[in-house]
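1. need a structure here:
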Amino acid sequence: MMDKKIILVTGATSGIGREEAKAFLTQGHTVILHGRNRDKALAVRKELTAETGSSDVDVLIADLTSLAAVKAMADEFTAKYERLDVLVNNAGNQFGGTWQATDEGHEKTMTVNLFAPVLLSLLLIDSLAKSRHGRIVTVSSASHAQGGKPYIDDIELKDHYSYTRAYGLSKLYVIWAMRRLSKNLRADGVTTIDVNCTHPGTAKTSLGESDQRPFLMKLLFAVFIPLFATTAEKGAQSTIYAATSPEAAGLSDRSGPRARRRSVSATTPPRTRGRSGTTA
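-> Residues are numbered from 1 along each chain as shown. Predicted coordinates:
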């Protein structure tokens, strides 16, 4: 029988995140649902309680385009819970065909997909360290290989933005960041926190549903996703495995469908490009 864990899932009010939360509740864990909209989050909590028979579910609200809101959410969690056993950085998004700034001045896709999960992970390290064996599981994407060569001196793509590049590179960078976090923890002698990335494949979710998407991407989502994508329930399985499976205990610095392997892009950063586009 699994030990009862305290699990925080970001982006848990729909799609893959909701399926992950449902599975964790069914397994008997305490689950904290993160969402942007309080009414929706409370409604999902009620639905999941009815579906699983478990009322051991809480709600935290934060807009992940705001790093200040991420910090406030971490503070709220630590004030209420004495430890965290699993952090699932599930939330992700795609924005429009032009560069968009958050209220804090950062590019939106990079903020939600990279800066927010990294910041939240760092802010909750002490809570994870209080677990008998903590886990950080970050949902990346196979699209990390489709962003092209990184512009290291233009991380937020102010001069090189495109819809697909921003999403692909944000998912690549978050793998790099989580691998670095894993190595830093091990270098500091912390062996009780595992850090891994998973990817769900192409699943039918609300990701990228925006009127601001480029026309070709709207067409792709309208035609390709219904025909070929898997269900959110199936897409959630890799993260559920990495978060709670006894087989995954002790695995760290992994990236892949079931966090069992190191992907090429995650292991070996590609040659980078400067603003001129020349390789370095």
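
2. Any regions of the stretch 101-250 of the chain where pLDDT drops low?
-> Regions of the stretch 101-250 of the chain meeting the criterion pLDDT under 70 cover residues 141-148, 201-230.

3. how about the strands in it?
-> Using DSSP state E, counting those that start in this stretch, the strands found in the stretch 101-250 of the chain span residues 134-139, 193-198.

4. Pipe those into a markdown table and attach distance to L42 per row.
-> For every residue, glycine as well, the C-beta is placed using N, CA and C. A markdown table is the format used below for the strands of the stretch 101-250 of the chain (distance: least, C-beta to C-beta, whole Å):
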| stretch | distance to L42 |
| --- | --- |
| strand 134-139 | 23 |
| strand 193-198 | 28 |
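
5. Of all these, which one comes closest to E156?
-> Minimum separation from E156 across those (C-beta to C-beta) falls at strand 134-139, 19.3 Å.

6. Would you state the helices of the stretch 151-280 of the chain in chain order?
-> With helices called from DSSP state H, counting those that start in this stretch, the stretch 151-280 of the chain shows them at 163-187, 215-228, 232-235, 237-244, 264-267.

7. name the helices or strands packed onto the first one?
-> Under the contact definition 3 or more C-beta pairs under 8 Å, 6 or more residues apart in numbering; DSSP states H and E, helix 163-187 sits against helix 108-110, helix 116-123, strand 134-139, strand 193-198, strand 254-256, helix 264-267.

8. out of those, nearest to L84?
-> The minimum distance between L84 and these falls on strand 134-139, with 6.6 Å, by C-beta to C-beta.

9. That closest one vs strand 193-198, what angle?
-> 20 degrees (axes from the mean of the first three to the mean of the last three C-alpha atoms, to 10 degrees).

10. Let the chain start at 16 from now.
-> With 16 as the first residue, the last one maps to strand 149-154.

11. Run through who's touching the helix or strand hosting G32.
-> Using DSSP states H and E, G32 sits within helix 30-41. For helix 30-41, contacts defined as C-beta atoms under 8 Å, 6 or more residues apart in numbering pick out 20, 22, 24-27, 46, 48, 59, 63, 66-67, 69, 71-72, 103, 105-106, 154, 215, 218, 220-222, 247-248, 250-251, 254-255, 258-259.

12. Not counting the helix or strand containing A84 itself, show me its contacts.
-> A84 is located in helix 82-95, with elements delineated by DSSP H and E. Applying C-beta under 8 Å, 6+ apart, the contact partners of helix 82-95 are 23, 47, 49, 73, 75-79, 99, 119, 121, 126, 130-131, 134-135, 138-139, 141-142.

13. Could you write out the alpha-carbon coordinates of it in CSV?
-> Output of helix 82-95 as CSV, limited to C-alpha atoms (Å, rounded to 0.1, in the frame of the first residue of the first chain):
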residue,chain,number,x,y,z
LEU,A,82,5.8,35.5,-10.6
ALA,A,83,4.5,37.5,-7.6
ALA,A,84,1.4,35.3,-7.6
VAL,A,85,3.6,32.2,-7.8
LYS,A,86,5.4,33.3,-4.6
ALA,A,87,2.1,34.1,-2.9
MET,A,88,0.8,30.6,-3.7
ALA,A,89,4.0,29.1,-2.3
ASP,A,90,3.7,31.2,0.8
GLU,A,91,0.1,30.1,1.2
PHE,A,92,1.0,26.5,0.9
THR,A,93,3.8,26.6,3.4
ALA,A,94,1.6,28.4,5.9
LYS,A,95,-1.0,25.6,5.7
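
14. All set now, cheers.
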